[in-house]
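*Asks:* everything below, folded, please.
(3 chains)
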Amino acid sequence: MDRLLDPSFVLGHMNYWLFVVLMMTGLYIVVARGNLLKKIVGLNIFQAAVFMLYISAGKVRGGTAPILTDNPGEAYSNPLPHVLILTAIVVGIATTALGLALTTRINEVYGTIEEDEILEIDHQETEREVAAILATSAQDSANA
Amino acid sequence: MIAPHILLLLCLAIPLVGFGWCWLFRNSPNMRDGGVFALALLLALAVISIFRAFNGGAEFDLVLVQFQPGLSLALNAEPLGIVFALVASTLWIATHVYGVGYMRGNNEKKQASFFSCFAFAIFATMGIAFSANLLTLFLFYELLTISTYPLVAHKETEEAQKGARVYLGILMGTSIVLFLPGVVWVYATAGTLDFVQGGILGPNVKPAFVGILLALFAFGVGKAAVMPFHRWLPAAMVAPTPVSALLHAVAVVKAGVFTILKLDVYIFGTDVLTKTGASQWLVWVAGGSIIIASLIAMSQDNLKRRLAYSTVSQLSYITLGVALANSLGVLGGGLHIVTHAFGKITLFMCAGAIYVATHKTEISQMRGLGRQMPITFTAFGIGALSIIGLPPLAGAWSKWELLLASASAGQWFAIAVLMISSLLNVAYLLPIVVRGFMPAPAGETLDDTVSGSGSGSRWAQVREAPVLCYLPPALTAFGCIVLFFYAGDIIGFMSPIVTESGR
Amino acid sequence: MLEGIVQNAPLLAIMLPLIAAPVAVLFGNKSVAFYISGATLVLSFALCVYMALLVSDGSILSYHIGGWAPPIGIEYRIDAANAMVMIIVSAMGALVLPYARASIEKEISPGHHTMFYACYMLCFTGLMGVAATGDAFNVFVFLEISSLSTYVLVAMGARQDKRALSAAYDYLILGTVGATFFVIGLGFLYIATGTLNMVDLADKLANSPDNKTIRAGFALIVIGMGLKLALFPLHRWLPGAYSYAPSAVSAFLASTATKVALYVVIRFTFSVYDASSGFERTTLEYIILPLAITAMFTASAVAIFQMNVKKLLAYSSVSQIGYMLLGLTYLNQTGVAASFIHMFNHAMTKGALFMAVGMVVWRTGSALLPSFAGIGRTMPWTAAAIVVAGLSLIGVPATAGFVSKWVLMAGAFERGWWPVSFAIVGSSVLAVIYVWRLVEVMYFQEPKATTKDPVREAPLAMLVPTWILILAIVWFGIAANAPVELARIAADGLLAGGFDNGQTVILGIPGR
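*Replies:* Numbering: from 1, shown residues only, chains lettered A, B, ... in the order given. Below is the predicted model of the structure:
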């Protein structure tokens, strides 16, 4: 634990602290917010935190961009995590787009994008459905 | 002479053909029922051929699918199984004839599905009889449960549905929760599930383990109806009577006790049970079942329910034979499968005949019926006396063997149980016959239920049920008498299973 | 030509469907889209069977994408375990497609049919890719391909029931959270080892001292994938998604998606990490085992009280996933094999059930229990299919379900955990109850008279694929040798640890 009191350790891992804070912020929004749009925003923050984790981990202090030079001693940052995260960003954008599209459709159909209201509507729908079918089967047995 | 393997396959194939046949000719009843009758005859013939081939020393071992060493689907014939198959197949002929009379006499609906499920149940029974290992037996055991479920639920009334639910719940529940783990445990311990003379658990098995395993099987084989898992049997009485007669007096319940006998002889080994004393508790449980079920039977007014409880009690005779853990007990149990089958099927078919003729189900309403239906009631009387165990009827021998077994095992409790139970049998079976032959109470019983006026004329209208309904019980009653003289041969045929060589 | 196909089998099995997806849309004709998809799926299935034959001697296929050798290049690495999963996915994909063609006529508006096929093919590609790849990050990419298209597929149920939208949204949020956790886990692994190739990872992890980054990576991977595979209690998205998706989608997802996610967990736990000791073993025995048993009972108990049959089946899936996880925790050959056998058998069983239930919904318009009344008479073949598949779900002998239950119990006894085997049978009894509720309604209640057109048997296009599965259930219930053998080889490979047993066969373009 005493490592946490060592300023060089704390500052040296600054990217990780930020990552954790950002990640938890995002996750908290996803869990705690009832608005579907805000959930997507939370999801984006959550994912952005991961992007930061990868990118910062690939950074080499004093390293340049990984491009071809004549100097074999030239230090460069690790390009692999950066490239990986490009893919992840694409996935993130696709997810966001799809989430927004779904939200729009939900708004059209339900007339709201508040989670608790949607749950309520879903719940009523189920009850109505069950009541209707029970009524018809009661009618059937009455006919029989 | 057909090769032994083919005979075994035929025994499975013939009922299966019957299953398809009923479905194929579902719209032409005569074709359907006639064809199944021919198939039933063929099946009996096939089983008899197996019996003769076995006596001639033929080898039957037939592996259908091999999964791993010690784990396969395989068929084989051994004395116990042959006897069981003989009983089931010959009685199928009688029951089929009877079933045709009963179903048509009652104008039951969905007869085609009834007869096809029936044939499938016979298929499963044959499979049980000729299983070469516990896995195969378990497979057919479950198939039997599933194929008889639609038969129990046949009437599709609320009551039938409830009865069928209890039926399936208990039979499948016990087999899954207790029987299956037992089977897997045996496999995990012994590395095989083949039926081997003298058991497969090995010499160093712990008594406690044998006790637990025996408990898993004794209760897990719900079809043996050891209390407290007997409730399905009375519940199954909502089924049409042919089902109660063949399946719930012969095939299904006997499949249960047959399984327990097989486990005793070929999985545990009688010697192991004797040495470890692990079956001692089962003597008490089976004895308790016998007495309690008999007492309950006395209090039942519904004829079929009374017979059902009587079956519960009689099945525990066989379980008791196993629990005694000596060779006499096993042989007595095996013989009791045969004698009780003939006796009980007679009783059930008579109950059905009474129902077809008069639509009466309660014993209290049957006073005087015997005078109108003498053949039915005579057959019933013979069946009842055989169950009670009076000579010269078959039931006498199996009870005698079991008594001897108890004496040689020194189980005084078992002897007392057998004695008391015989008295109880007298008390709940004979009054039905006696009452039947009493003079009809003028203007009392029938009017109350049938019309309410013009008693005398109504009463005179009661006649025997159609010939297809009273002939089969008469034949099986006759069988009870014949078997008395051949019981020794049956014992002789089965005795190799308790001697060292196995043959 | 043939040599080329055979040499590139791992790639083709995945890339052909990927190419088929946009092509299906470009033609703009739903019949063309159907035939293109169908042809690629059948080809893909054939290739998977071929690869399964290749690896059935215990060897591992290694395919280097573009000829770049791993660990620099991306590698598809296939042993018996992935071959089995790929067979499940491709067989179910090919069987559900003809069913889907008939089923979506009613469920999805005609303009969207080509889109449906495209999404279906993308989903298929993703699942196959996850199963085939030997590169950890590639798993994530394929996983997201399949997940994104799955969300769309689920949402397509909205024409029938608007709740499909909220279900898809829930699935999207939880699925993305799961995938992101997984990526974080991968990130930790990469930070600790500097590689993402599974073989390489396994080597480096085996040689590195235990450290918290590696442990945290494992935890994140298991939890992230736990969300995707509906590990109890992370299963909240599953009942809604399966209930309101179009029937064909439910059938396909229920039989494949969770199994592929489970495969990822297995691959990471056994091949990348070392499950035989330490932290990973503790996780299996003290976290996964209790959760699996809880799932088996809780989800089954919840299933009993469902009015919606699709939801009933969905909860049953959650409990069956418990069985699959249970086998892993034994850490013996029989147990791990049991997991794979149950994946295989349950895919057939649940696929058949969802397809059969889908046919009832197709005719009666509702998945609620009362609309199943009397279909034993009006739709005899469908009802019979439900009964047989239901028996398999219970685990009755002569059905596939029995085989998996048997192996699972045998494994428990081998491990000395006999109470676990009683938990297995106890949960089966709950299955008896929920299956029999359905059977009683189908056979004992009068058909509803109020529907406008009388309920008839479903069309052959839906019935035939369902019955192929039913026959397969019975076939693999009796002649179970092939899947059991393959699963045992898979289990041996996994339990040996690492992902390189020295029997690697390199496929693909040689050189570079």
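*Asks:* any idea which element residue 122 lies in?
*Replies:* Picking chain A for this. helix A:115-143 (DSSP states H and E).
*Asks:* actually it's chain C I care about, not the one you picked
*Replies:* helix C:113-132.
*Asks:* for that helix, packing partners?
*Replies:* helix C:9-27, helix C:30-55, strand C:75-78, helix C:80-107, helix C:136-155, helix C:247-266 (3 or more Cβ pairs under 8 Å, 6 or more residues apart in numbering or on different chains; DSSP states H and E). Quick note: C-beta positions are derived from backbone N, CA and C, even for glycine.
*Asks:* quick check on the closest residue in space to B:Val177 that isn't next to it in sequence: phi, psi?
*Replies:* Excluding its sequence neighbours, the residue lying closest to B:Val177 (Cβ to Cβ, 6 or more residues apart in numbering or on different chains) is C:Val425, at 4.9 Å. Per-residue torsions, C:Val425: phi -70, psi -30 (degrees, to the nearest 10).
*Asks:* mind checking how far C:Val425 is from B:Gly220?
*Replies:* Counting by Cβ to Cβ, to the nearest Å, the gap from C:Val425 to B:Gly220 is 10 Å.
*Asks:* higher neighbour count, the two?
*Replies:* B:Gly220 (26 against 21; other Cβ atoms under 10 Å in any protein chain shown).
*Asks:* ok, back up a step: any idea which of the helices and strands packed on helix C:113-132 gets closest to chain A?
*Replies:* Distance to chain A, taken as Cβ to the nearest Cβ, is lowest for helix C:136-155 among these, at 4.4 Å.
*Asks:* how is the chain divided into domains?
*Replies:* All of this refers to chain A. Following automatic domain parsing, one gets these domains for chain A: A:1-65, A:112-144.
*Asks:* think we crossed wires, I meant chain B
*Replies:* Domain assignment for chain B by automatic domain parsing gives B:1-275, B:279-503.
*Asks:* average pLDDT for the shortest one, rounded please.
*Replies:* Which is domain B:279-503. Mean pLDDT, domain B:279-503: 82.
*Asks:* got any ranges where chain A has weak pLDDT?
*Replies:* A:1, A:137-144 (pLDDT under 70).
*Asks:* what segments of it are helices?
*Replies:* Assignment of helices within chain A using DSSP state H yields the ranges A:7-12, A:14-32, A:36-58, A:79-110, A:115-143.
*Asks:* tell me where the stretch 301-450 of chain C is predicted with low confidence.
*Replies:* Along the stretch 301-450 of chain C, segments meeting pLDDT under 70 span C:449-450.
*Asks:* and it, which residues reach chain B?
*Replies:* C:391, C:394-398, C:405-406, C:409-410, C:413-414, C:418, C:421-422, C:425-426, C:428-429, C:432, C:436, C:440, C:443-444 (Cβ under 8 Å from any Cβ of the partner chain).
*Asks:* element containing the nearest residue to C:His235 once chain neighbours are set aside?
*Replies:* Take C:His235 and drop its neighbours on the chain: the residue closest to it by Cβ to Cβ, 6+ apart is C:Val318, 4.6 Å away. Per DSSP H and E: C:Val318 is located in helix C:309-330.
*Asks:* can I get the CA coordinates of the helix or strand bottoming out on mean pLDDT in chain C in CSV?
*Replies:* Within chain C, no helix or strand scores below helix C:2-7, which has a mean of 80 by mean pLDDT, DSSP states H and E. Extracted in CSV, the C-alpha atoms of helix C:2-7 (Å, rounded to 0.1, in the frame of the first residue of the first chain):
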residue,chain,number,x,y,z
LEU,C,2,-10.1,-28.5,-55.1
GLU,C,3,-6.6,-28.4,-53.6
GLY,C,4,-7.0,-24.6,-53.4
ILE,C,5,-10.3,-24.9,-51.6
VAL,C,6,-9.1,-27.6,-49.2
GLN,C,7,-5.9,-25.6,-48.4
